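A.B. asks: Provided below for reference: sequence and predicted model.
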Protein chains: 4
Amino acid sequence: MPKTNLKTDDQDDAEVADVGGVSGARLKSFIERVERLEEEKKSLAEDIKDVYGEAKATGFDAKIMRKIVSLRKSNLEKRREEQELLDLYMSAIGMVE
Amino acid sequence: MPKTNLKTDDQDDAEVADVGGVSGARLKSFIERVERLEEEKKSLAEDIKDVYGEAKATGFDAKIMRKIVSLRKSNLEKRREEQELLDLYMSAIGMVE
Amino acid sequence: MPKTNLKTDDQDDAEVADVGGVSGARLKSFIERVERLEEEKKSLAEDIKDVYGEAKATGFDAKIMRKIVSLRKSNLEKRREEQELLDLYMSAIGMVE
Amino acid sequence: MPKTNLKTDDQDDAEVADVGGVSGARLKSFIERVERLEEEKKSLAEDIKDVYGEAKATGFDAKIMRKIVSLRKSNLEKRREEQELLDLYMSAIGMVE
DNA sequence: ACCGTGGTTAGCTTTC
DNA sequence: GAAAGCTAACCACGGT
């Protein structure tokens, strides 16, 4: 069973207590940092979309472009994974450094 | 972060000549802009993950935090949608522009 | 069709109505089919896990095996995607099939 | 469906000899069993998708159906506890109802 | 203009 | 407790 104890009873209540007090303020700060970062991320997603739009206006096919980007990325990932597999083999047969 | 340079690939830079009237150089430029932006996006995703990790180290439950962020976001969206509906109503009765 | 009836709120009743009646029975039937299929899917996931366990008991490294399976799969997918890209190029330059 | 045969790959079947005392043939057998099971799993996933499609064609809302399935699966007790903790956190940052 | 579809992303589970 | 793989929701796009 997953054993996800959400209540965190073992921890001292002083850590998450002070409802509306200092711990609440810290939590709020964390939340807002996350929200700020997610906004920036969303903004970048829009920039990417704009680049595709611009390319399209120049006469390029966005669908093809996306496929190229995707293939280039998967090339890199595949190469990395193959290296990992190689490392695994080497450690499996005791050729570790 | 290990600075994974997406631009590195097998394709030879010399081969970006025009093909069938298509400017290879321009296409390459678009592709690289997209890749650059996607790297930044990925970097932000890692930053977000770090914030959750930091909060967790402080004693907060990341799962709950994600739920809170999600709720706040949907609250905002709902409010925005309600505003849009209100705008629609107002334009419907001629109270706009 | 003349949409003269302003009280359109009840319009969907013919499709999903009969709560507890015949439509409810159909919905229930769909739900149960899904649940049955998901059980089978879960069962297969366990079978897969068992195979890895068996292999491990035989002396193989499950982590390596998973990586091999993953690489073989991505080889296939990459090949398929490259073909799709080729098709896209061909249709883009009018060499449609 | 495009009949993606997972077993086909670049590796030559003749190269499955023992390497460092490892039975290549046995490993290959395990890998192929996994791939076969994963194909079946994928097939079931498609069946499920089909059921949702069929239900949709009958007039049901697939999104709602998925939610129903999900709810039936989830543990109500656990969800209540999560909600309680969530309420606590929300009051901590002033998002009281 | 809408539907269906594919791709993307976030969340959950399980593993190490 | 961190990391990865899997699953499910979301969104944007093209076809009809």
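C.D. replies: Okay, I see it.
A.B. asks: what is the neighbour count of whichever residue of chain A sits closest to chain D?
C.D. replies: Here the residue of chain A nearest chain D is A:Gly24; by Cβ to the nearest Cβ that distance is 3.7 Å. For the C-beta atoms, the positions are set from N, CA and C on the backbone; glycine is no exception. Here the number of neighbours of A:Gly24 (other Cβ atoms under 10 Å in any protein chain shown) works out to 20.
A.B. asks: and the helix or strand hosting it, what's buried?
C.D. replies: Element membership of A:Gly24 [criterion: DSSP states H and E] is helix A:22-58. Across helix A:22-58, burial judged by 16 or more other Cβ atoms under 10 Å in any protein chain shown covers A:23-24, A:26-27, A:30-31, A:33-34, A:37-38, A:41, A:44, A:47-48, A:51-52, A:55.
A.B. asks: out of those residues, who's near DNA strand E?
C.D. replies: Taking Cβ under 7 Å from any atom of the strand as the test, DNA strand E is in contact with A:Glu38, A:Lys41 out of those.
A.B. asks: one step back: phi first, then psi, for the closest residue to the residue of chain A closest to chain D other than its chain neighbours.
C.D. replies: In space, and not counting its chain neighbours, A:Gly24 is closest to D:Ala92: 3.7 Å by Cβ to Cβ, 6 or more residues apart in numbering or on different chains. When read as degrees, to the nearest 10, the backbone of D:Ala92 gives phi -60, psi -30.
A.B. asks: and the helix holding A:Gly24 with helix B:24-57, angle?
C.D. replies: Orientation note: helix A:22-58 sits at an angle of 170 degrees relative to helix B:24-57 (axes from the mean of the first three to the mean of the last three Cα atoms, to 10 degrees).
A.B. asks: does helix A:22-58 reach DNA strand F?
C.D. replies: Yes: with Cβ under 7 Å from any atom of the strand as the criterion, DNA strand F is reached by helix A:22-58 at A:Lys49, A:Tyr52.
A.B. asks: which other helices and strands contact that helix?
C.D. replies: The contact analysis (3 or more Cβ pairs under 8 Å, 6 or more residues apart in numbering or on different chains; DSSP states H and E) places helix A:22-58 against helix A:62-92, helix B:24-57, helix B:62-92, helix D:76-92.
A.B. asks: now do 10 Å
C.D. replies: helix A:13-16, helix A:62-92, helix B:24-57, helix B:62-92, helix D:76-92 (3 or more Cβ pairs under 10 Å, 6 or more residues apart in numbering or on different chains; DSSP states H and E).
A.B. asks: what is the least confident helix or strand in chain A?
C.D. replies: Here the helix or strand of chain A ranked lowest by mean pLDDT, DSSP states H and E is helix A:13-16, holding a mean of 46.
A.B. asks: can I see the domain layout of chain A?
C.D. replies: A:22-60, A:61-97 (automatic domain parsing).
A.B. asks: wait, which of the ones you listed is closest to D:Arg66?
C.D. replies: Closest to D:Arg66 of the domains of chain A, according to Cβ to Cβ: domain A:22-60, at 24.9 Å.
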